[in-house]
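S.K.: make a model of this:
(one chain, ligands or ions: 1)
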Amino acid sequence: MAPTLPTQAEIVIIGGGIVGCSVAYHLTKLGKKDVLLLERKKLTSGTTWHAAGLVRAMLYSGNLTKLAKYTTELYTTLEKETGQATGFKQNGSISIATNEERWDELRRGASMARAFGVPAEPISAKKVQELWPLMNVKDVIGAIFFAKDGQTNPADTAMALAKGARQGGARILEDCKVMGVVVKNGRAVGLKTEAGDVSAEIVVNCAGMWGREVGQWAGAAVPLHACEHFYVVTEPMGVPSTLPVMRDMDACAYYKEDAGKILVGAFEPKAKPWGMDGIPDDFCFTELPEDFDHFQPVLEGAIHRVPKLGEVGIRKFFNGPESFTTDQRYLLGPAAELENFYVAAGFNSIGIQSAGGAGMALAHWIAEGHPPFDLWDVDIRRVVPHQNGKAFLVDRVSEALGLLYAMHWPYRQFATARGVRRTPLYERLKAHNACFGEVAGWERANWFAPDGVEPKYEYSFKRQNWFASSGEECRATRNAVGLFDQSTFAKFSVRGADAEAVLQRICANDVGGAPGRAVYTQWLNERGGIEADLTVTRLADDAYMVVTAAATARRDWLWLKQHIPADARVAVEDVTAAFAVLGVMGPNSRALLQTLTPADLSNASFPFGASREIEMGYASVRASRISYMGELGWELYVPTDHAVSVFDCILEQGSAHGLRLCGMHAMDSLRIEKAYRHWGHDIGEEDTPIEAGLGFVVAFDKKAPFIGRDALLKQKNQPKLGKRLVQFALEDPAPLLYHNEPIYRDGALVGYTSSAAYGHTLGRAIALGYVNAPDGVDQAYIDSGKFEIEVACERQPARASLRPLYDPKSLRMRV
Ligand SMILES: Cc1cc2nc3c(=O)[nH]c(=O)nc-3n(C[C@H](O)[C@H](O)[C@H](O)COP(=O)(O)OP(=O)(O)OC[C@H]3O[C@@H](n4cnc5c(N)ncnc54)[C@H](O)[C@@H]3O)c2cc1C
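M.R.: Residues are numbered from 1 along each chain as shown. Purely as a prediction, here's the structure:
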């Protein structure tokens, strides 16, 4: 019988997998009663029913770990609350290493877990044997035990969430397929279903591997694609139910107890994308055909690891589809393309362990208009439209699945679907032996290999093969001059009679004043948190250029558009592709550029912060005297068609001034030495400029009040700050830092590093990180403590400073 569909509901969720059920459950917990969940077939019949059910208490960032911890806590109490068994148990998990590099990675991972308050203990092979008696530990050189990890029964857990949602007032309709999203004036206002239409104030896309198609109905990019995902279950082996989960990532395999049997699952290096021609309409509790040849290498490794597997039969060979995204992170939050349309999809094989936290976070996001804390790692606004293309997705997801268990090398780059966006200088940089990395589809020169050396990463947790070259690039910038291709910066033109008024309200700094000035500023939310970190240059009385990072281009663009009042006389345009940006940075930059321009570049005539149109070679460029590297220098905004000629001129003249081409790794190292913040690492929507040490660029006194001013003033008037961004340098020059390492003061955990690199000028690893203390963090607190940073389970003494360790008075930029 056709289900009875209401004609309207406040919030309608598409999809009754574990994620949709969790969103419904959490919305009712926040007091939302008018919640309707529509499932095309039966609850859990998509991907959820067949998951292995591994649940980890940690993910790769502090806030995602908060969500993972929340999930484990929720699953501990869900059965009692709802009366529906979940099968959740916390036997812990063991990750083993069979080579030194993996052991390095695991120990660094254990330190990261501790940074986020998750217990993680290195254990010996002997101890592993005790905990997992069936295991062959001959080649195991070490392991980490995660006491809070566990496993659950996915279908039962989803049903418990659905039951809890119903108990909270939500309505759940099965066998009700959604056929389309109704969009009016840029907002989602309802759905078309097999059973009729339903109007809605909010639509939530929890359609799992169907999520991309559902997004397309609404005009929203939800880039995900299914891949085949395999496991086998043995005949009964009498395995105790207390057995911890075990991961042997070097052999691409995980193991769990399953009613006395063993389940062995795989994350093989090259996955098989599935459903390229669409998902069959009758898909419901569907299994995909076995592919024994594909699974065989994993099984061979499994028999080596657990020899008894060679003696028992396989009861079940399972192959099911799961959706993967282009960067292995799920997609959460409001879609960029229309209002009132939210997404929680693309769970990359961690949907069971993520569902509790993701559902909680999205429910808050919907109810309160912003996430409960910074969730940029998974925020769908990071998506770049080209990523939703089928060809891109198919190529990229075949790599993404395997990366879950591959080595998580620092600076690791994707191998597939590359070369999508190139700056005008790409071919020139390539000819100069650049090694490229990718951000938002852009190819960026990360470092330059010496002549005759192949520009290719050789990954390691120790100094990688580019360490020396990048060091040379840093030294050239500090001592002579470096040339950086910064063309991937996003550039927005803001024009019109109200441009100043609009930007003064959005920017915390004062962007008024005469044209010809580049102003560093943050964009804040009402809570005083930093939504964006960028420069705003006044080109004319009624014209500005906003420049921001490639990775946040879409998010910042949206923020700008959303904060322009409907009646404002302002036109905005994304002009990113119209300009290349050349960063000419270093003490010799003035002498070099002066040979190419009639403009007076002296300090008196062209002071720090000035921005003007000048001739450069045969072109007219906008030169802005600012620097992210902390040296005298200019950013040159060059019309794209002139980019190569200007580049060639600078390079030709540069040799007389010690010019060197420099990459993004050098830029990152130089900016961390100077303690310049990076949005997404060191600052985000939970951090205020005052906590981040950026109070000096907040214009409290400007005439027009800016968004977030009241919240910031309140904080400014507090006698002490419980959290502050601090810079660190390790005493020992040997160990390397990558970020997410725990910070201790006098033996107590006080925070973790937010970004890190090797500082070639300071001659040691350097980092930024928030230090938290209930009684306040000030200079005296910093000076009176003994700081240590934990690297691979060993604590390293560190120097801490509230002021930049390199050029604290910023004299070098102002000469
Ligand atoms: C072999 C395997 C092992 C796994 N092991 C683990 C594990 O150990 N731990 C872990 O955390 N994760 C694991 N996963 C991943 C996990 O199963 C998924 O991430 C999770 O189930 C995703 O849940 P979901 O709700 O997003 O998607 P789904 O469960 O697929 O739910 C989406 C629902 O939307 C419905 N829907 C789609 N379109 C419409 C429409 N038009 N109208 C109405 N309804 C619609 C579908 O019918 C479906 O029920 C595993 C996955 C596989 C394949």
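S.K.: need the residues of the stretch 401-550 of the chain near the ligand, please.
M.R.: For the stretch 401-550 of the chain, the contact set with the ligand under Cβ under 6 Å from any ligand atom is empty. Every C-beta, even on glycine, is put in place using the N, C-alpha and C of the backbone.
S.K.: host element of the residue lying closest to Gln84 once chain neighbours are set aside?
M.R.: Among residues not flanking Gln84 along the chain, Ala160 sits closest, at 3.9 Å (Cβ to Cβ, 6 or more residues apart in numbering). Assigning secondary structure by DSSP states H and E places Ala160 in helix 154-167.
S.K.: could you check how far that helix is from the centre of its chain?
M.R.: 29 Å (Cα atoms, centre = their mean, to the nearest Å).
S.K.: right, and the helix or strand after that helix?
M.R.: Criterion used, DSSP H and E; the element after helix 154-167 is strand 171-173.
S.K.: and the pLDDT at the most centrally placed residue in the chain?
M.R.: Nearest to the mean C-alpha position of the chain, by Cα atoms, centre = their mean, lies Asp377 at 3.0 Å. Note for Asp377: predicted pLDDT of 95.
S.K.: gap between it and Gln522?
M.R.: Counting by Cβ to Cβ, to the nearest Å, the gap from Asp377 to Gln522 is 20 Å.
S.K.: just to revisit the earlier point, CA atoms of the helix holding Ala160 as CSV?
M.R.: Provided in CSV are the C-alpha atoms of helix 154-167 (Å, rounded to 0.1, in the frame of the first residue of the first chain):
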residue,chain,number,x,y,z
PRO,A,154,25.2,-1.3,11.8
ALA,A,155,21.6,-2.2,10.9
ASP,A,156,20.6,-2.5,14.6
THR,A,157,22.3,0.8,15.5
ALA,A,158,20.5,2.6,12.6
MET,A,159,17.2,1.1,13.8
ALA,A,160,17.9,2.3,17.3
LEU,A,161,18.5,5.8,16.0
ALA,A,162,15.3,5.5,13.9
LYS,A,163,13.4,4.3,17.0
GLY,A,164,14.8,7.2,19.1
ALA,A,165,13.8,9.7,16.3
ARG,A,166,10.2,8.3,16.3
GLN,A,167,10.1,8.5,20.0
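S.K.: need the contact partners of that helix.
M.R.: 16-18, 21-22, 24-25, 27-28, 35, 37, 43-44, 48-53, 75, 78-79, 81-88, 172, 352, 355, 359 (Cβ atoms under 8 Å, 6 or more residues apart in numbering).
S.K.: narrow those to those in helices?
M.R.: Mapping those onto helices (DSSP state H) picks out 18, 21-22, 24-25, 27-28, 75, 78-79, 81-82, 352, 355, 359.
S.K.: so where is the protein shaky, pLDDT-wise?
M.R.: 1-3 (pLDDT under 70).
S.K.: contact residues of it facing the ligand?
M.R.: Checking the chain against the ligand by Cβ under 6 Å from any ligand atom, the hits are 14-20, 38-41, 45-48, 50-54, 177-178, 206-210, 214, 229, 231, 265, 320, 322, 345, 347, 349-353.
S.K.: partner residues bridging the spatially closest residue to Lys272 that is not a sequence neighbour?
M.R.: With sequence-adjacent residues excluded and distances taken as Cβ to Cβ, 6+ apart, Lys272 is closest to Glu228, at 4.4 Å. Beta-bridge pairing of Glu228 under DSSP bridges involves Pro321.
S.K.: Glu228 and Gly275 touch, don't they?
M.R.: No. In this structure, Glu228 is not within contact of Gly275 by Cβ atoms under 8 Å, at 9.5 Å.
S.K.: common neighbours of the two, please.
M.R.: With Cβ under 8 Å, 6+ apart as the test, Glu228 and Gly275 both reach Pro321.
S.K.: residue ranges of the strands in the stretch 551-700 of the chain, please?
M.R.: 571-574, 579-585, 611-616, 619-624, 633-639, 659-662 (DSSP state E, counting those that start in this stretch).
S.K.: what would those strands look like in JSON lines with mean neighbour count?
M.R.: Shown next, in JSON lines, are the strands of the stretch 551-700 of the chain (neighbours: other Cβ atoms under 10 Å):
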{"stretch": "strand 571-574", "mean neighbour count": "14"}
{"stretch": "strand 579-585", "mean neighbour count": "25"}
{"stretch": "strand 611-616", "mean neighbour count": "19"}
{"stretch": "strand 619-624", "mean neighbour count": "21"}
{"stretch": "strand 633-639", "mean neighbour count": "25"}
{"stretch": "strand 659-662", "mean neighbour count": "24"}
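S.K.: reformat the ones you listed as JSON lines; add distance to Leu404.
M.R.: Shown next, in JSON lines, are those (distance: least, Cβ to Cβ, whole Å):
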{"stretch": "strand 571-574", "distance to Leu404": "34"}
{"stretch": "strand 579-585", "distance to Leu404": "35"}
{"stretch": "strand 611-616", "distance to Leu404": "45"}
{"stretch": "strand 619-624", "distance to Leu404": "42"}
{"stretch": "strand 633-639", "distance to Leu404": "39"}
{"stretch": "strand 659-662", "distance to Leu404": "33"}
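S.K.: how about Lys316: what's its closest non-neighbour residue?
M.R.: Leaving out its chain neighbours, the residue that sits closest to Lys316 by Cβ to Cβ, 6+ apart is Val233, at 4.2 Å.
S.K.: neighbours of the one you found, how many?
M.R.: 19 (other Cβ atoms under 10 Å).
S.K.: what's across from it in the sheet?
M.R.: On the basis of DSSP bridges, Val233 is bridged to Leu263, Lys316.
S.K.: wouldn't it be in contact with Ile262 here?
M.R.: Yes. Val233 lies in contact with Ile262 (Cβ under 8 Å); the separation is 7.4 Å.
S.K.: any idea how far Ala259 is from the residue nearest to Gln84?
M.R.: 19 Å.
S.K.: where along the stretch 701-815 of the chain do the strands fall?
M.R.: Counting by DSSP E, counting those that start in this stretch, the strands of the stretch 701-815 of the chain are 723-730, 742-745, 748-759, 764-772, 787-791, 794-801.
S.K.: select, out of the strands of the stretch 551-700 of the chain, the one closest to Asn136.
M.R.: strand 659-662 (48.8 Å; Cβ to Cβ).
S.K.: for the closest one, packing partners?
M.R.: strand 442-448, helix 467-479, strand 481-485, helix 643-654 (3 or more Cβ pairs under 8 Å, 6 or more residues apart in numbering; DSSP states H and E).
S.K.: residues touching the closest residue to the ligand within the stretch 351-500 of the chain, list them.
M.R.: Closest to the ligand within the stretch 351-500 of the chain is Gly351: 2.0 Å, counting by Cβ to the nearest ligand atom. Going by Cβ under 8 Å, 6+ apart, Gly351 touches 17-19, 47-48, 51, 208, 322, 330.
S.K.: switch these over to TSV; also include neighbour count.
M.R.: Converted to TSV, those look like this (neighbours: other Cβ under 10 Å):
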residue	neighbour count
Gly17	30
Ile18	35
Val19	35
Thr47	23
Thr48	27
Ala51	27
Gly208	28
Glu322	25
Tyr330	24
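S.K.: picking up where we left off before, make CSV out of the strands of the stretch 701-815 of the chain and add mean neighbour count and distance to Arg421.
M.R.: Compiled in CSV, those are given as follows (neighbours: other Cβ atoms under 10 Å; distance: least, Cβ to Cβ, whole Å):
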stretch, mean neighbour count, distance to Arg421
strand 723-730, 24, 32
strand 742-745, 22, 36
strand 748-759, 22, 24
strand 764-772, 24, 29
strand 787-791, 24, 35
strand 794-801, 18, 38
